[in-house]
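> coordinates only, sequence not included:
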């Protein structure tokens, strides 16, 4: 199984990924972690994004090819990036679930301003930039409000 958890910064993607990881024994691939592993001083340029996502795609294909469940955690705000995940799921014969994490902006602002204590460097300016560039998800997907009873919703699915 391949699960793409996407959404704007601060919407709870990584928390959601960790919750599902334990339920289905999956490898979690986070763009934030991969970036820090392969780029010493990230500048978040387009070239770096291509490198990070390219590495993520290779890692996902290899893990799925070995029969592992994979959860991908990243904004995936561009349609073309999500299309690549769809291709990977088809090429590996993996069931695909897309989860879009959402939260009210005031909650996101609070989460980001409190410091998240994880690998993400996204601040509210990054959130606003990605929000302006967000390309709507046209594929069937689950919209998960991470401020409500999100665990109960995931328990119904997984």
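Arrived safely, thanks for sending. Predicted model, so just to flag it, every value in this text is computed and none were measured.
> pretty sure residue 3 is in a strand, no?
Yes: counting by DSSP: H, G, I helix; E, B strand; the rest coil, one finds residue 3 located in a strand.
> touching, it and residue 70? I think so.
Yes: counting by C-beta atoms under 8 Å, residue 3 does reach residue 70; the two are 7.2 Å apart. Quick note: C-beta positions are derived from backbone N, CA and C, even for glycine.
> now list whatever residues contact both of these two.
Here residue 3 and residue 70 have residue 26 as joint contacts, going by C-beta atoms under 8 Å, 6 or more residues apart in numbering.
> what is the host helix or strand of residue 83 packed up against?
Taking DSSP states H and E as the definition, residue 83 sits inside helix 79-92. The helices and strands touching helix 79-92, judged by 3 or more C-beta pairs under 8 Å, 6 or more residues apart in numbering; DSSP states H and E, are strand 2-6, helix 46-65, strand 96-102.
> could you dump the ones you listed to CSV with mean neighbour count, mean pLDDT and distance to residue 138?
Listed next are the helices and strands packed on helix 79-92 as CSV, based on neighbours: other C-beta atoms under 10 Å; pLDDT from 0 to 100; distance: least, C-beta to C-beta, whole Å:
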stretch, mean neighbour count, mean pLDDT, distance to residue 138
strand 2-6, 25, 98, 13
helix 46-65, 16, 95, 19
strand 96-102, 20, 98, 10
